[in-house]
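Trainee: Following is a predicted model, sequence given first.
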Amino acid sequence: DYSVNMFLRQYWNDTRLAYAHRGYNESLTLNSKKSELWVPDLYFINEKRGNFHEITTPNLLLRVKPSGEVTFSQKLTVKLSCNMDLKKFPMDKQKCHLKMESYGYTTHQLLFEWVAKIDERVEFSDDLELPEFVTPPNISTETCVVKYLT
């Protein structure tokens, strides 16, 4: 297992929310309206436990630009499973995955894509420390489409 504190940021365009044609050009922050708006149903496949941060208020941001472009950011802590091969312990190297997908939509309805700039996909805090471990030297991201029988 491993645990991660993160800011999960998602971006999409919802033309139903566009308001530029009304002459207002400022972004709107709609944190309190989250339950009234569509947001992707992303979940972590290998999650064992997770929680939203809510002290002192829910740690989320829901911002809409005049074009209908939506930014949704939330602070999460997740505990994830990681199959480890310890045959070479203590000289072993582990590769742990953070797997995400839509819970209920098909890839024809919703497709998650990484942001174009590779260095903006995953960022680590400058003061990240992992006692007795080497900080991950690099992170790779990939898109994977899985077919399920439902």
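Mentor: Thanks, I have the structure now.
Trainee: can you give me the offset of stretch 102-118 from its chain's centre?
Mentor: How far stretch 102-118 lies from its chain's middle: 11 Å, per CA atoms, centre = their mean, to the nearest Å.
Trainee: If you could redo that for stretch 75-84, that was the one I meant.
Mentor: 13 Å.
Trainee: same check, this time on stretch 51-70
Mentor: That offset, for stretch 51-70, works out to 13 Å (CA atoms, centre = their mean).
Trainee: Ok, stretch 8-28 next?
Mentor: With CA atoms, centre = their mean, you get 20 Å for stretch 8-28.
Trainee: Would you mark the buried spots in it?
Mentor: Taking 16 or more other CB atoms under 10 Å as the neighbour-count basis, stretch 8-28 is seen to contain the buried residues residue 17. Every C-beta, even on glycine, is put in place using the N, C-alpha and C of the backbone.
Trainee: swap in stretch 68-83?
Mentor: 69-70, 72, 74-76, 78, 80.
Trainee: Next, format these as JSON lines and append secondary structure, pLDDT and distance to residue 58.
Mentor: Output for the buried residues of stretch 68-83, formatted as JSON lines (DSSP: H, G, I helix; E, B strand; the rest coil; pLDDT from 0 to 100; distance: CB to CB, whole Å):
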{"residue": "69", "secondary structure": "strand", "pLDDT": "96", "distance to residue 58": "22"}
{"residue": "70", "secondary structure": "strand", "pLDDT": "96", "distance to residue 58": "17"}
{"residue": "72", "secondary structure": "strand", "pLDDT": "95", "distance to residue 58": "12"}
{"residue": "74", "secondary structure": "strand", "pLDDT": "94", "distance to residue 58": "8"}
{"residue": "75", "secondary structure": "strand", "pLDDT": "94", "distance to residue 58": "9"}
{"residue": "76", "secondary structure": "strand", "pLDDT": "92", "distance to residue 58": "11"}
{"residue": "78", "secondary structure": "strand", "pLDDT": "92", "distance to residue 58": "16"}
{"residue": "80", "secondary structure": "strand", "pLDDT": "90", "distance to residue 58": "22"}
